[in-house]
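> take a look and give me a structure for this.
(chains A and B)
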Amino acid sequence: MGQYAFKLPDIGEGIAEAEIACWRVAVGDLVEEDQPLVDVLTEKAAVEIPSPVTGRVIQLNGQEGDKVAIGSIVVLIEVEGAGSVVQQSSEIPKVEQPLPEPVLTLSPAPTTRPVQTSAPSSASAAFVATVPRAAGEKPIATPAVRRRAQELGILLSYVHGTGEAGRITHEDLDKFASRGAVGSAPLSSARKQREAVHDIKIIGLRRKIAEAMQRSKQRIPHFAYVEEIDVTALEDVRAQLNATRRSDRPKLTLLPFLVEALVKALPDFPAMNARFDDEAGVVHRYEPVHVGIATQTPNGLVVPVVRHAESRDLWDTATEISRLAETARAGKGTRDELSGSTITISSLGPIGGIMTTPVINAPEVSIIGVNKIFDKLVLRDGQVIVRRCMNLSSSFDHRVIDGWDAANFIQRVRTLLENPASLLVG
Amino acid sequence: MNETIKTKVLVVGGGPGGYVAAIRAGQLGLDTVLVEADRLGGTCLIRGCIPSKALIHVASKFEELSRHASDDALGIRLSEAPVLNLAESQRWKSGVVDKLNVGVGSLLRKAKVRTLQGWATFLDAKTCSVKTANGDITVQAEHVILANGSVPVELPNLPFGGAVMSSTEVLSLQELPKQLVVVGAGYIGLELGIAFARLGSRVTFVEAGPRILPLYDTQMTKPVEQWLKKHGIAVHLNARAKGLSESSVLTVENGSGPLDIPYDKILVTVGRAPSTNGWGLENMAVDMNGRWVKIDDQCRTSMRNVWAIGDLVGEPMLAHKASAQGEMVAEIIAGHRRSFDPVAIAAVCFTEPEIVGAGLSPDEAKAAGIEIKVATFPFAANGRSLTMEAGVDGGFVRVTARADNHLVLGLHAVGAHASELSGEFALALEMGARIEDLAGTIHVHPTMSEALPEAALATLGRAIHA
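Here you go, the predicted model:
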């Protein structure tokens, strides 16, 4: 157990003392860090002073209405555990007079987060800027300062003015601007504020992605549709096929099954497998199924394409997906391998997630998103059973696809996935 | 012919709001079209500030010369009374207006602004059709700045026409009316009425309210009341003009029975209303704020990329406010961050004597709950004023400041030539001056401006010359 002597911080405005307006705690109270201890009045404003530490209040110095000097100890707090700051002098100096700096030392086992009790320095400088003006009072600043503040996007009501009558000078503005956002750091916290802002040039692949995403979201009115798929049977089939696969075949993920489902469903829903040339006002519907597989690479997202999925079997598709993924990750995808898809699948792999709202790979009109598989208790025939389930996300271009059709399409995909036998035969 | 123009910025209205917006937009490299139905310069230049000040100057000179014909004030005596040829005065005034009008046109050209002369009617918020002498032109713009200005308010029982005139017609009178009745004793009515009185008309004021110049406190208006009294000009307060009778008599009701006032001309100056009719505002889907177009502190209307400035958006209806808003809007469109946040917009009445004010009056400051220090300094104690015979009209400078930190809240003056102090007043307020700043700035001797530091010192109880 240590004691923490909380001294009235320098609240700026060049004042030497402040009036205790209202105690917010009583002796014996437990206080949390950042919980208000006391409201003090200065000439210009009432200021709420929060506690820098968590602990029990053991002494309050001064009555409401008393003037207390900046730097004098106003609250004594008993702090938990070893390693907090201990006041060696057992005698609390009287209030109402500026106090000498109490001698403070660290107890034998130093904390990893020492509590600041020395004269406020940088932390209180940040605090000065947040001292509010009286409500409704307009900050005083010359037109040039106001103009600069507007260009910098700074609200002058947050800037502390050091000039006559609290006038905000160019220097005050400079100081504020170089400090960055204010009010983020808790008062008296010993944690350092960070100031740096790193500018990242958006170039190369990242710029391509940015442009593609912006174009898609700006031009295409998306709507999303999410359905829960019972993948218990599919997962059984997948496990079985993986257990018995030939050594030259890749391990099957869910993706080739989904591609198979699309290939089987799309002939009845030709509107979904299309590219929309909105400048010309023409939708090109494709008989071939070229499936884009959104793939994360070290440089960012790319979408290699499984061409003519309709002509491939499950193993073939799986092999092609893993080949394309490796090529893309190595940054070696050719133009042909990275373009020309007619529909796209997006998957976050093992991270999954409950649900995503994928962004359409323009100029396509639909995109399917795979989410994580989870165990679910299901009531069936009066029995509670465990089923493996997955939410299947999808987004469509509402300019050319209506919700009714999209829902029917996804329901067909669902039926196919829930009955994997239908996927595996002709 | 039906031409279509596509432009970045369309400004409607070529007054001090619109033309400044257009020039600034042009300077910033924005493709800009300005539409004006009448002449460039708007109310201010064509039928307001400038022509009225020209006429006031004529009146002032004529009155002064007349005085020297009757006595030898300052040792000057004219052997004959001066003769006024108002038509000739109007030609001189028109010359001033024409010169400025041509100047505006060349500034717009220099800024590469395309100017269309014609009446613009909006079909939707970004499209308007302009009726020009050469046919209709459709203008489509990314940004629209509405600067349509205001029009004089008409009284239902005294519609404009015949002997009943608005300020516009009075400013073009070719013959001096023998008897002029001014209905409405606000600043426009007083400026013009006083000018005609000095030119020799017999002027009578009829005001519905209990006092003249209701926008100023009584301390400020007292010297004007004194001037009117001294010159035998009747002011009927709490009086309502009923209507015209056949025998060139205006009947007025002032509580103590009807009163008949003979007239040649009647000037109705009961205010100005925003010009919101006849140009398709209803097709633009912008929200209104009472009779004004509603804007935010960046002059944005509720319709995206439609902006409104000047008299169209509210009080104060002053040219310099419109210009400041126009300049700001052009800069915002060009990508700058701005907002309209002046500390004060100074205003002047070119009455006899002149009134100038910026910021809060003592009453306004008290109403805002601020403890203040107030003091005045009389021009009667100012050397320069006395040398210009300007110290005898009861004029003074008044400083209103916060009691706690001495921040100057308001600066006012009344007196001959006092309008020229407006710049220093506005600057002091914008710079956040304290009493000590005014007092500590050495002012040239002998000038009227010396009264300002004296008034500032007086708030601290230590004026030197009082």
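> name the single longest helix found in chain B.
helix B:86-110 (DSSP state H).
> which helices and strands does it pack with?
Contacts defined by 3 or more C-beta pairs under 8 Å, 6 or more residues apart in numbering or on different chains; DSSP states H and E place helix B:86-110 against helix B:18-27, helix B:42-47, helix B:49-70, strand B:114-124. Just so you know, the C-beta spots here come from the backbone N, C-alpha and C atoms, and that holds for glycine as well.
> just these: most buried one?
Most buried of the helices and strands packed on helix B:86-110 by mean neighbour count (mean count of other C-beta atoms under 10 Å in any protein chain shown) is helix B:18-27; its value is a mean of 27.
> how about the secondary structure of residue A:372?
Three-state call for residue A:372 (DSSP: H, G, I helix; E, B strand; the rest coil): strand.
> what's around it, how many residues?
15 (other C-beta atoms under 10 Å in any protein chain shown).
> who are the contact partners of it?
If you count contacts by C-beta atoms under 8 Å, 6 or more residues apart in numbering or on different chains, residue A:372 has them with A:348, A:350-354, A:390.
> all helices of the stretch 101-250 of chain B, in order?
In the stretch 101-250 of chain B, the helices defined using DSSP state H, counting those that start in this stretch lie at B:167-170, B:187-199, B:218-230.
> so which of those helices gets nearest chain A?
helix B:218-230 (24.0 Å; C-beta to the nearest C-beta).
> check which helix or strand covers residue B:355.
If you go by DSSP states H and E, residue B:355 is part of strand B:354-359.
> give the next helix or strand downstream of that strand.
Trace forward from strand B:354-359 with DSSP H and E and the next one is helix B:362-367.
> pLDDT (mean, whole number) over that next one?
Helix B:362-367 shows a mean pLDDT of 96.
> again, but for stretch B:265-279
96.
> buried residues, that stretch. List them.
Neighbour-count burial for stretch B:265-279 flags B:265-270, B:272-276, B:279 (criterion: 16 or more other C-beta atoms under 10 Å in any protein chain shown).
> now swap in stretch A:142-152 and tell me
A:142, A:145-150.
> keep those, but drop any that are not near chain B.
Contacts with chain B within the buried residues of stretch A:142-152, as defined by C-beta under 8 Å from any C-beta of the partner chain: A:142, A:146-147, A:150.
> count the neighbours of residue 80 for me.
Reading this off chain A. By the criterion of other C-beta under 10 Å, residue A:80 has 13 neighbours.
> wrong one, I was asking about chain B
Count around residue B:80 with other C-beta under 10 Å applied: 6.
> export the helices of the stretch 101-250 of chain B to CSV and tack on distance to residue A:200 and mean neighbour count?
Shown next, in CSV, are those (distance: least, C-beta to C-beta, whole Å; neighbours: other C-beta atoms under 10 Å in any protein chain shown):
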stretch, distance to residue A:200, mean neighbour count
helix B:167-170, 61, 19
helix B:187-199, 58, 24
helix B:218-230, 60, 17
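> okay, those in JSON lines with distance to chain A next?
Formatted as JSON lines, those follow (distance: least, C-beta to the nearest C-beta, whole Å):
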{"stretch": "helix B:167-170", "distance to chain A": "32"}
{"stretch": "helix B:187-199", "distance to chain A": "26"}
{"stretch": "helix B:218-230", "distance to chain A": "24"}
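> what sits against the residue of the stretch 151-300 of chain B at minimum distance from chain A?
Nearest residue of the stretch 151-300 of chain B to chain A: residue B:298, at 9.9 Å (C-beta to the nearest C-beta). By C-beta under 8 Å, 6+ apart, the residues touching residue B:298 are B:307, B:328-329, B:332, B:338-340.
> could the helices of the stretch 101-250 of chain B go into JSON lines alongside distance to residue A:327?
Below are these laid out as JSON lines (distance: least, C-beta to C-beta, whole Å):
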{"stretch": "helix B:167-170", "distance to residue A:327": "79"}
{"stretch": "helix B:187-199", "distance to residue A:327": "80"}
{"stretch": "helix B:218-230", "distance to residue A:327": "84"}
